[in-house]
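*Asks:* 3D model of this:
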Amino acid sequence: MNMTGTVERRSESLKAIRELVATRTQMLAIYAELAAQRPYFADEATTELVQSFCQALVDYTAEAHFRLYRHFENNNERRTPVAEVALRVYPQIADMTQAILDFNDRYDSEDSCRDISRLEADLSRVGEVLAERIELEDQLISALSKERR
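*Replies:* Got it, this is the predicted structure:
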């Protein structure tokens, strides 16, 4: 690959990282707002906030997968240090996706938000998963950033 192609590819990965971090930040802001609402009541405001969080959670998960992880999943990474980090963290990140989808499936509709008796525990559990996932993502982002210098 010529130098122009390498610069374009790295520019694209930098853009993907920026978009992932922006989507992640938005999701975390809604998570914080929702966590601050305790105790939870099955009212319209809580339902709307839970559904907003579910949407942001799905957006973040999809953004990560389609803009960043698919690249590694398809073995398209040529930089050895980055590929090594991806090989180590991606399987763990993929496993965490199921917990995120389970939360979304439980709370993504107005009907499913009527029973919020488990919301505090479920939100805590998904928060732990997100914290671990973000730590792994940051390792990957760091590896990508180091390779750009």
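*Asks:* pLDDT on the helix or strand that contains residue 86, on average?
*Replies:* Using DSSP states H and E, residue 86 sits within helix 80-107. For helix 80-107, mean pLDDT is 87.
*Asks:* Next, the buried residues of that helix.
*Replies:* Across helix 80-107, burial judged by 16 or more other C-beta atoms under 10 Å covers 82, 85-86, 89-90, 93, 96, 99-100, 103-104, 106-107. Glycine gets a C-beta too; all of them are placed from N, C-alpha and C.
*Asks:* Which strands or helices does it pack on?
*Replies:* When contacts are defined as 3 or more C-beta pairs under 8 Å, 6 or more residues apart in numbering; DSSP states H and E, helix 80-107 packs onto helix 44-64, helix 70-73, helix 119-148.
*Asks:* and the helix ranked longest in the chain, what does it pack onto?
*Replies:* If you go by DSSP state H, the chain has its longest helix at helix 3-35. When contacts are defined as 3+ C-beta pairs under 8 Å, 6+ apart, helix 3-35 sits against helix 44-64, helix 119-148.
*Asks:* Would you format those helices as a markdown table with distance to residue 29 and mean pLDDT included?
*Replies:* Compiled in a markdown table, the helices and strands packed on helix 3-35 are given as follows (distance: least, C-beta to C-beta, whole Å; pLDDT from 0 to 100):
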| stretch | distance to residue 29 | mean pLDDT |
| --- | --- | --- |
| helix 44-64 | 8 | 91 |
| helix 119-148 | 13 | 89 |
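*Asks:* Need the winner for burial among the helices and strands packed on helix 80-107.
*Replies:* Ranked by mean neighbour count under mean count of other C-beta atoms under 10 Å, these are led by helix 44-64, which reaches a mean of 18.
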